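Trainee: For reference, the sequence and a predicted model appear below.
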Amino acid sequence: MKDFILAHYSRNLVTANRLLADIPDEAMADQAAGIVNHPAWQIGHLCMSADFVLTLLTGRGNLAPDWRTRFGIGSQPQPDRSAYPPKAELLALLACQHAAVADAFAKADAAALEAPAPERVRAVFPRAGDIVVGLMTGHESHHLGTLSAWRRVRGKPSLY
């Protein structure tokens, strides 16, 4: 089953890069047609979510604590482009996070995935594996769908 999840996760990274390939860096914080969660925030949020997965699987993440403030649940995306890293840096970090998560997930044993999830998410995701797989698949796909909608309101064509 892990191979199916890893394949989906890999396709998500390809999709993220395709969605942003023709978007100039200066547009990354545009809140087009009221879509507040602009691309810079979306990609930063996915990097931060991957960091949570790494923490669950390995006991440590890669990102500085301020990423939770800027990109975590409850953070408020700002239209100020200078408040976010450059597009190339965000996409490179997402690729690094993806590689680290894929490696950690591939190596995770059943006991790690069956362990209780953190208390704050346990009502929805009872086991660590539930939240890990949810963040790698559904959560990431949801945010990529928002990026796709953001592209469309900016007049960009659909990828599919």
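Mentor: Happy to help now that I have it. Here the structure is a predicted model, which is why all the values come from computation and not from measurement. Residues are numbered from 1 along each chain as shown.
Trainee: And the residue nearest the centre of the chain, how close does it get to residue 73?
Mentor: Nearest to the centroid of the C-alpha atoms of the chain, with distances taken as Cα atoms, centre = their mean, sits residue 46, at 1.6 Å. Going from residue 46 to residue 73 by Cβ to Cβ, to the nearest Å gives 13 Å. The C-beta positions use only the backbone N, C-alpha and C, and glycine is treated the same way.
Trainee: And for residue 117?
Mentor: Residue 117 sits 15 Å away from residue 73, going by Cβ to Cβ.
Trainee: okay, those two: which has more neighbours?
Mentor: Ranked by neighbour count (other Cβ atoms under 10 Å), residue 117 and residue 73 place residue 117 first, with 19 against 9.
Trainee: distance of the more buried one from residue 126?
Mentor: Taking Cβ to Cβ, one finds residue 117 at 6 Å from residue 126.
Trainee: Is residue 116 bridged to anything, and to what?
Mentor: Residue 116 has the following beta-bridge partners by DSSP bridges: residue 127.
Trainee: wait, doesn't it sit right on residue 122?
Mentor: Yes. Under the criterion of Cβ atoms under 8 Å, residue 116 makes contact with residue 122 at 6.4 Å.
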